[in-house]
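sharing a sequence plus its predicted fold:
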Amino acid sequence: MTPTITVPPQQLLERILSLEIVRVTERAAVSAARLRGRGNEKDADQAAVNAMRRELNKLPIEGTVVIGEGERDEAPMLFIGETVGIKTGPKVDIAVDPLEGTTLCAKNMPGAIATMAMAEGGTLLNAPDVYMDKIAIGPGYPRGVVDLDASPEENIRRLAKAKDIDPSAITALVLDRPRHAAIINGIRRAGAAVRLITDGDVAGVIHTADPDNTGIDIYMGIGGAPEGVLAAAALRCIGGQMQCRLILDSDEKRERAAKMGVTDPRMKYEIEDMVKGDCLFSATGVTDGSMLRGVKFGKNVIETETVVMRSVTGTVRWIRAEHRQIEKFHLD
């Protein structure tokens, strides 16, 4: 008789980090990549969701999606409150964005990724799928160098002073949206440069952690709350500062948030408020981008590239995988 081996939750998270969580984002990325350039955002997103759900339901966890693509009435998305896993392991919180950059994938443009975060149960921010105001910088600065409530000009000046450079040497990353016109104007008034992106603010926030290679010093603007929590999980692993605030601009949104435990609708969240415990972050490239290479389909092999991180160890692993049982991927 084979003896039963009990694995402490911390070690099980390490095992998930090293292999299982990677499979989840790999499968979602491959499924979405089959629909690159087809012009159908909904189908690509649904393919990624289906693949991610299948893989999550194979994991030895009691998982709850605490922030995702929608809420219960929006199934079959991976909705907030959905339970996943085979219910035999530790209780964990999960944040998902099965396809970040649906438009990028549909148009076969750079930067689409499949991503998720996993943490000890009760430690990820549980919030509705709404917009979120965000500001982020990389590691190595005194706490409070930038502030969500300061003007764009002030934040640029503060960061430039902390870096001991002129504001003209700062580059800010901003989603290209009409709602960001005032932020963009403020950044430029301070003398800094703006780099605009069409989608993909999880990767955008992560870029601030390595400005020497990415050229991005600061991220500002409004994006999705799921992307905000996922980005916070990544920065929790690799370092950096981030502040966020949920945009609860209607009674209906405030009511939804209150049901999830949000007592202060104007609360300014730090990384530690959004991701309180040991967490894992994984992202797999769907299309080629500045952070990850996209899925490559060969005659007998599928190639993927994934970055996987863990906060308690600060470990970052880059995994380039060759999947040779491609008939299984196609059957899925």
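That came through fine.

low-confidence stretches in the protein?
Along the chain, segments meeting pLDDT under 70 span 1-18, 70-76, 325-332.

sec struct for the residue most central in space within it, please.
The centroid of the chain falls nearest to Leu230 when counting by C-alpha atoms, centre = their mean (3.1 Å). Using DSSP: H, G, I helix; E, B strand; the rest coil, the structure places Leu230 in helix.

show the contacting residues for it.
Leu230 is in contact with 95-97, 100, 115-117, 202, 281, counting by C-beta atoms under 8 Å, 6 or more residues apart in numbering. For every residue, glycine as well, the C-beta is placed using N, CA and C.

any chance of these in JSON lines, plus distance to Pro265 and secondary structure?
Putting the contacts of Leu230 into JSON lines (distance: C-beta to C-beta, whole Å; DSSP: H, G, I helix; E, B strand; the rest coil) gives the following:
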{"residue": "Ala95", "distance to Pro265": "20", "secondary structure": "strand"}
{"residue": "Val96", "distance to Pro265": "24", "secondary structure": "strand"}
{"residue": "Asp97", "distance to Pro265": "23", "secondary structure": "strand"}
{"residue": "Glu100", "distance to Pro265": "26", "secondary structure": "strand"}
{"residue": "Thr115", "distance to Pro265": "27", "secondary structure": "strand"}
{"residue": "Met116", "distance to Pro265": "26", "secondary structure": "strand"}
{"residue": "Ala117", "distance to Pro265": "24", "secondary structure": "strand"}
{"residue": "Val202", "distance to Pro265": "24", "secondary structure": "helix"}
{"residue": "Phe281", "distance to Pro265": "27", "secondary structure": "strand"}
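
could these be laid out in TSV, adding distance to Glu154 and neighbour count?
Formatted as TSV, the contacts of Leu230 follow (distance: C-beta to C-beta, whole Å; neighbours: other C-beta atoms under 10 Å):
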residue	distance to Glu154	neighbour count
Ala95	30	32
Val96	34	33
Asp97	31	30
Glu100	30	28
Thr115	31	33
Met116	35	27
Ala117	31	33
Val202	26	29
Phe281	30	31
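
nearest to Lys161, of the residues you listed?
Closest approach to Lys161 among the contacts of Leu230 (C-beta to C-beta): Val202, at 28.0 Å.

got a list of what that closest one touches?
97, 100, 113, 115, 227, 230-231, 234, 283.

by contact count, what packs against the host helix or strand of Glu303?
Glu303 belongs to strand 302-310 when assigned by DSSP states H and E. Contacts defined by 3 or more C-beta pairs under 8 Å, 6 or more residues apart in numbering; DSSP states H and E place strand 302-310 against helix 21-33, helix 225-238, strand 279-285, strand 296-297, strand 315-323.
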